[in-house]
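Engineer: Attaching a predicted model along with its sequence, questions to come.
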Amino acid sequence: MRIQRALGLVLILVILLALPASASARGRMTPEEKQFAQDVKWTWSKSQERAFKKMSSEERAAFIGEFWKNLDPTPGTEKNEFKIIHYARIEYANRCLGGRGKKGQLDEEGRFYIVFGPPTTRNTIRPAGKRRMGTFSV
């Protein structure tokens, strides 16, 4: 009787482990996939974001490659200029923008910088004892 119970438990365990890994992995993102999703927060569409979150890890890897490939302004070259500029803007936003506990790339100022690039003009006002205020033109 104990042997049958033990075999039954082993069988259940084997069945559970044999379930498709992609079904359990769907929706769970690796740290790298989460970082990608955060990095393109202002770049991709809501439908792309929803689809990405439902994909398996293998599908996400293919999606990331295609995502950058589709945005490459010069597909025949080794470098993806759009991706390089995009990450340079994120780096600048995180270093110079943001505040109130938010990374620059997640702040409204950072969003505008990442999407539109550096401003063509910048006027900054700093009233005595107050937070920096400014207007930007793109």
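Structural biologist: Nice, I can see it. From a predicted model like this one, the values you see are computed outputs, not experimental measurements. Numbers count the residues shown, from 1 in each chain.
Engineer: so where is the chain shaky, pLDDT-wise?
Structural biologist: Residues of the chain that meet the criterion pLDDT under 70 lie in 1-27, 126-138.
Engineer: could you redo the last one with a cut-off of 80?
Structural biologist: Within the chain, the segments meeting pLDDT under 80 span 1-27, 98-101, 122-138.
Engineer: how about the nearest residue to Met55, chain neighbours excluded?
Structural biologist: Closest residue in space to Met55, ignoring its immediate chain neighbours: Phe63 at 6.2 Å, by Cβ to Cβ, 6 or more residues apart in numbering. C-beta here means a position set from N, CA and C on the backbone, and glycine is covered the same way.
Engineer: How about Arg89?
Structural biologist: Closest to Arg89 by Cβ to Cβ, 6+ apart is Ile114, at 4.7 Å.
Engineer: Surely that neighbour is in a strand?
Structural biologist: No - assigned with DSSP: H, G, I helix; E, B strand; the rest coil, Ile114 falls outside any strand and is helix.
Engineer: count of neighbours near it?
Structural biologist: 25 (other Cβ atoms under 10 Å).
Engineer: Surely it is in contact with Asp39?
Structural biologist: No - at 9.0 Å, Ile114 does not count as touching Asp39 under the criterion of Cβ atoms under 8 Å.
Engineer: Overlap in contacts, the two.
Structural biologist: Shared contacts of Ile114 and Asp39 (Cβ atoms under 8 Å, 6 or more residues apart in numbering): 86, 90, 105.
Engineer: May I see those residues organised as TSV, with secondary structure and neighbour count added?
Structural biologist: Below are the shared contacts of Ile114 and Asp39 laid out as TSV (DSSP: H, G, I helix; E, B strand; the rest coil; neighbours: other Cβ atoms under 10 Å):
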residue	secondary structure	neighbour count
His86	helix	19
Ile90	helix	21
Gln105	helix	22
